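Novice: Could you look at this predicted model? Sequence included:
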Amino acid sequence: MAMLSRWLDNFRSLQRPEHRLAWAIALAADALQIALFPLFAEGGASPADSALDIVVGLLLVKLLGWHWAFLPTLGAELIPGLDLFPTWTAAVYFVTRGERENSGEPEILPPEPNPAARR
């Protein structure tokens, strides 16, 4: 339960609605591929799998802009069995990971005493 609470706090800390929507799309796509594994078991040979990956890729590029992390993710989605790893979620994490660290406001540090002079 604590892990879910921590995840929800991280999700709420995303400031841009586009990033929240991208996270939701990536999580939904990965959950769908894992839950309906027999339908997507063929990997790149499955038309349903390919269609889902193309739609998700286009939506994420539309929401987050082009990022190099999406290219290997799309390639990994074509490999049978790799759909069991949440590749879209990992790519969205990689693209949006800096948003929480850089809130747009400069960090104000308290003044420090001057260091002792070296002799």
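Specialist: Sure, I can see it.

Novice: mind checking the SS state of Pro113?
Specialist: For Pro113, the assignment made with DSSP: H, G, I helix; E, B strand; the rest coil gives coil.

Novice: For the closest residue to Leu59 other than its chain neighbours, give me its contacts.
Specialist: Of all residues not flanking Leu59 in the chain, Ile25 sits nearest, at 5.5 Å (CB to CB, 6 or more residues apart in numbering). Using the backbone N, CA and C atoms, a C-beta is placed for each residue, glycine as well. Neighbour list for Ile25: Val56, Leu59, Leu60, Leu63, Trp88 [criterion: CB atoms under 8 Å, 6 or more residues apart in numbering].

Novice: so where does the last one fall, helix or strand?
Specialist: In this case it means Trp88. Using DSSP states H and E, Trp88 sits within helix 87-101.

Novice: neighbouring contacts of that helix?
Specialist: 10, 13-16, 19, 22-23, 25-27, 29-30, 56, 60, 64, 67, 69-70, 73, 76-77.

Novice: Show me how to select, in PyMOL, the buried members of those.
Specialist: Buried subset of the contacts of helix 87-101, written as a PyMOL selection, criterion 16 or more other CB atoms under 10 Å:
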select buried, resi 14+19+22+23+25+26+29+30+56+60+64+69+70+73+76+77
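
Novice: pLDDT score assigned to Ala29?
Specialist: You'll see Ala29 listed with a pLDDT of 90.

Novice: which residues does it contact?
Specialist: Ala29 neighbours (CB under 8 Å, 6+ apart): Leu52, Asp53, Val56, Trp88.

Novice: Of those residues, just say which sits nearest to Gly81.
Specialist: Relative to Gly81, the closest of the contacts of Ala29 is Asp53; by CB to CB it sits at 14.4 Å.

Novice: packing partners for whatever helix or strand that closest one lives in?
Specialist: Element membership for Asp53, per DSSP H and E: helix 47-64. Packing contacts for helix 47-64, counted by 3 or more CB pairs under 8 Å, 6 or more residues apart in numbering; DSSP states H and E, involve helix 17-35, helix 37-40, helix 70-77, helix 87-101.
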